[in-house]
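J.: Build me a structure from this.
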Amino acid sequence: MAALIDYKCPCCGGGIEFDSQSQNMKCPYCDTEFEVDAIKEFNEISQPEQDDFSWENPSAEWGASEQDGMKVYSCENCGGQIVADETTSASACPYCDSPIVMSGQFTGGLKPDLIIPFKIDKEGAKEALKNFMKGKFLLPSNFASENRIEEIKGVYVPFWLFDCDADAKLKFKATKTRSWRSGDYAYTETKHYMIVRSGDIKFDKVPVDGSTKMPDELSEAIEPFNYNDCKEFLPAYLAGYLSDKYDVDAETSQPRANERIKTSTLQEFENTIQGYDSVIPESVNIQLKSGKIRYALLPIWMLNTKYKGEMYNFSMNGQTGKFVGNLPVDWGKFWRLFFGITAGVGALAFAVQAFIL
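T.: Residues are numbered from 1 along each chain as shown. A predicted model of the protein is given here:
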């Protein structure tokens, strides 16, 4: 059975969690706070013997394929059994609600190098949702008042952070265009230029999502993270939050990292070209070198709310507060606005025509 870490308050025995506001460990029962470094003794990442999990009950309804990727844990506080998929590394006991960390998920090569602790708590995430809805004039009027948050959870999502140097040799086609009239004739002159750029760019901590549960477009939409806040990984930071280990390895993530780095390199060099009407890359040669990869856990709030039977999903950067998500549209408002604008443009055209005639 896999091992768990359950942090206990030495004052009252309650389960302690990482508090995003104080950046310390805090007991929710007696409000006692502890510095994360003060409980480093809990961070002895051991190498416990791992038994292969198997379902032995012959009457179980699980099929062989359903058993794959599942593990069972035992809560050290109440003894309750916790079943989770093999990527879950932090959760809470469903019986006593004690925050727990699956220490076996961080042994060997699975241990993260870095972590950015949560800086925004659950109430801050709820408030961000309210602010996100402000000013959305096509939002149904009763959505904000009637919606109920079905689920809100703070999740440490696994990321691979790529460091490397990019050596670029680039050629661009550029144009300058001017137009003028002379008598009854209109003239246009276009001048063509060849522009060459070359140089090196150093990239630090380019993130690539290491979890199939988090779509890349969603995780990239809430960037950037401030990597100055990176801490050496300690399991204590996970207490009170959910966490997954990676299920997309570093090698599989490399093509996405290469693509992001090369795209950014091209954009940076293209931004140095000013004063032209058009700039088009003609030849792009970008070589990457001195690569280094680190495994990190980054904080993300996931929120789900239901409206008229449909679920709407939101994500928020747990460090910076950047918020993304989908919202319902009041099509009645849309069409009233559309026809109002159309009618306004038609009335303006009629007035101009009447004035001219």
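J.: Kindly report the domain assignment for the protein.
T.: Annotated domains of the chain cover 17-111, 122-326 [automatic domain parsing].
J.: Any idea which of those domains gets closest to Y7?
T.: Smallest distance to Y7 across these (CB to CB): 5.1 Å, for domain 122-326. The C-beta positions use only the backbone N, C-alpha and C, and glycine is treated the same way.
J.: any idea of the mean pLDDT in that closest one?
T.: Mean pLDDT, domain 122-326: 87.
J.: please begin residue numbering at 231 from this point
T.: Done: numbering now begins at 231, and the last item shifts to domain 352-556.
J.: which residues in this structure form helices?
T.: Taking DSSP state H to define them, one finds helices in the chain at 294-297, 352-363, 373-376, 446-451, 480-500, 561-586.
J.: Out of the domains of the chain, which is closest to C239?
T.: Closest among the domains of the chain, using CB to CB: domain 247-341, at 3.9 Å.
J.: For the closest one, measure first residue to last.
T.: Counting by CA to CA, to the nearest Å, you get 20 Å between the two ends of domain 247-341.
J.: May I see the buried residues of stretch 248-255?
T.: F248, D249, S250, Q253, N254, M255 (16 or more other CB atoms under 10 Å).
J.: what distance separates the start and the end of it?
T.: End to end - CA to CA - stretch 248-255 spans 4 Å.
J.: residues in contact with that stretch?
T.: 237, 246-247, 256, 263-266, 268-269, 347-351, 354, 466-471, 548 (CB atoms under 8 Å, 6 or more residues apart in numbering).
J.: average pLDDT for that stretch?
T.: 81.
J.: And T407, how close does it get to A480?
T.: Plainly put, T407 is 47 Å away from A480 if you go by CB to CB, to the nearest Å.
J.: give me the number of residues near the residue nearest to A416 when sequence neighbours are not counted?
T.: Nearest residue to A416, sequence neighbours excluded (CB to CB, 6 or more residues apart in numbering): S409, at 6.8 Å. For S409, the count of nearby residues is 9 (other CB atoms under 10 Å).
J.: before we move on, what about G244?
T.: Around G244 there are 16 residues (other CB under 10 Å).
J.: same check, this time on T550
T.: Neighbours of T550 using other CB under 10 Å come to 17.
J.: Go ahead and confirm it touches N456.
T.: Yes. Counting by CB atoms under 8 Å, N456 is a contact partner of T550 at 6.7 Å.
J.: sorry, back to before: what about T407 and A480, which has more around it?
T.: A480 (17 against 11).
J.: Contact partners for the more buried one?
T.: With CB under 8 Å, 6+ apart, A480 has these contacts: W390, G440, I523, Y525.
J.: Longest strand of the chain, counting residues only.
T.: strand 378-412 (DSSP state E).
J.: For that strand, which helices and strands make contact with it?
T.: If you count contacts as 3 or more CB pairs under 8 Å, 6 or more residues apart in numbering; DSSP states H and E, strand 378-412 packs onto helix 352-363, strand 415-439, strand 472-474, helix 480-500, strand 508-537.
J.: Pull out the buried residues from it.
T.: 382, 384-394, 396, 398, 400, 402, 404.
J.: Tell me how far the closest residue to T420 other than its chain neighbours lies from Y506.
T.: Nearest residue to T420 in three dimensions, chain neighbours excluded: T407, at 4.8 Å (CB to CB, 6+ apart). Look at T407 and Y506: by CB to CB, they are 9 Å apart.
J.: Over to I382?
T.: 48 Å.
J.: go on, K341?
T.: 50 Å.
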